[in-house]
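Return a 3D structure for these sequence lines:
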Amino acid sequence: MPAGCVIGVDLGGTKLLAGLLDDQLRVVRRAYRLAPRSDDPEDLLSLVAEEVRELLETADTTVTAVGVGIPSLVDRRRGVAVSTVHQPLDGVPVRDELQDRLQLPVALDNDGNCAMLAEWRAGGARGCKDAVLMTIGTGIGSGVVAEGNLIRGATGAATELGHMVVDFDGPLCQGNCTNRGCLEALASGSALGREGQRLAGQRPGSLLARMAAEGTQITGQHVTEAARDGDRAAREALQRVGTLLGVGIANAMNIFNPEVVLIGGGVSAAGELLLAPARDEARRRARPPSNGARVEAARFGAEAGMIGAAILAREDLP
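Numbering: from 1, shown residues only. You can find the predicted model right below:
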């Protein structure tokens, strides 16, 4: 694709982040909104189109394409969302719908693949032939590079690491996933919020308990903020979720033998409060030499999906 600006869109379970990026992949402008709680895919498509148009209106140069990452298994040949846990997109021809609305070429992929693409091309996995990324947000997205290739699988459904089972009799998973004991059910941002809410009831003097007494429905973000303020209950919640995340990381190490495992998404803002227990548990459980892989924060954090979607637009479209 010729040099010029592209727009990257990352649609998550609860938010939408879009960015206008120049030919050096520098973010020129951002647009952020909460994703609507709706069972109608039209609401989501309209939101994406509105955010892109907002960026188009402020662009002082030609925008050549749009890349979109969605929390769904994607049939890339047809541009269709095949199966989605957190959004009502099953069977929706997302690529064609957006191209019709925007009158621009649109590239579509899973949001975890987009985030991995960003980290592989320009972030924490740059120069690696084998790498794993997990994005910890409402759910757990993931992407894998193996032997120098981004792994998508036979039908675009590969490397759904958030839905590996780590507890056979564990809690029901989230959204449209009917499995039990998935890593996502135990170590996502949503799981962190639930753990924080549970500990709020058991630690009456904690900051989390005060939040709950004020009527706050505790989220992963609340837990992270309280932990940064030194709240012991919040730090305990992050310790537990980080340890459970480490079980999933160990599985990924044993399966893929990566050079690095990157942790991104909104919950990665907790830094070493999450990463240290995850790293320790992963190294304890994974077999050598795979347990020697680095476990680090993703360079682009919560923006990896947006930046990767922009890269996708550059690399996928003629």
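
Could you check how far stretch 125-136 is from the centre of its chain?
13 Å (CA atoms, centre = their mean, to the nearest Å).

Can you check the distance spanned by it, start to finish?
17 Å (CA to CA, to the nearest Å).

all numbers from here: first residue = 12
I'll keep to 12 as the first residue from here, and by that count the last item is stretch 136-147.

Can you mark which positions in that stretch are buried?
Within stretch 136-147, the residues scored as buried using 16 or more other CB atoms under 10 Å are Ala136, Cys139, Asp141, Ala142, Val143, Leu144, Met145, Thr146, Ile147. (Each C-beta comes from the backbone N, C-alpha and C, glycine too.)

Out of these, which sit inside strands?
When DSSP state E defines the strands, the subset of these inside them is Ala142, Val143, Leu144, Met145, Thr146, Ile147.

sorry, back to before: from the buried residues of stretch 136-147, which is closest to His174?
Closest to His174 out of the buried residues of stretch 136-147 is Met145 (11.9 Å), distances taken as CB to CB.

For the residue nearest the centre of the chain, list each beta-bridge partner.
The residue lying closest to the centre of the chain (CA atoms, centre = their mean) is Thr146, at 3.7 Å. Beta-bridge partners of Thr146, counted by DSSP bridges, are Gly152, Gly275.

Near Asn187, how many residues? Count them for me, please.
12 (other CB atoms under 10 Å).

how far away is it from Gly24?
Distance from Asn187 to Gly24, counting by CB to CB, to the nearest Å: 11 Å.

Hmm, Gln110 is touching Val117, no?
Yes - in this structure Gln110 lies within contact range of Val117 using CB atoms under 8 Å: 4.7 Å.

So these two - more neighbours on which side?
Legend: neighbour count by other CB under 10 Å for Gln110 and Val117, higher for Val117 (26 against 16).

picking that back up, common neighbours of Asn187 and Gly24, please.
Val96, His97 (CB atoms under 8 Å, 6 or more residues apart in numbering).

Tell me which stretches of this structure form strands.
Using DSSP E, strands in the chain cover 16-22, 26-32, 38-45, 74-81, 83-86, 91-95, 117-121, 142-147, 151-157, 160-161, 271-275, 305-308.

Can you add mean pLDDT and distance to Arg296 and give those back as JSON lines?
JSON lines is the format used below for the strands of the chain (pLDDT from 0 to 100; distance: least, CB to CB, whole Å):
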{"stretch": "strand 16-22", "mean pLDDT": "95", "distance to Arg296": "31"}
{"stretch": "strand 26-32", "mean pLDDT": "93", "distance to Arg296": "32"}
{"stretch": "strand 38-45", "mean pLDDT": "90", "distance to Arg296": "36"}
{"stretch": "strand 74-81", "mean pLDDT": "95", "distance to Arg296": "30"}
{"stretch": "strand 83-86", "mean pLDDT": "92", "distance to Arg296": "28"}
{"stretch": "strand 91-95", "mean pLDDT": "90", "distance to Arg296": "29"}
{"stretch": "strand 117-121", "mean pLDDT": "96", "distance to Arg296": "27"}
{"stretch": "strand 142-147", "mean pLDDT": "96", "distance to Arg296": "15"}
{"stretch": "strand 151-157", "mean pLDDT": "96", "distance to Arg296": "18"}
{"stretch": "strand 160-161", "mean pLDDT": "96", "distance to Arg296": "26"}
{"stretch": "strand 271-275", "mean pLDDT": "97", "distance to Arg296": "13"}
{"stretch": "strand 305-308", "mean pLDDT": "97", "distance to Arg296": "12"}
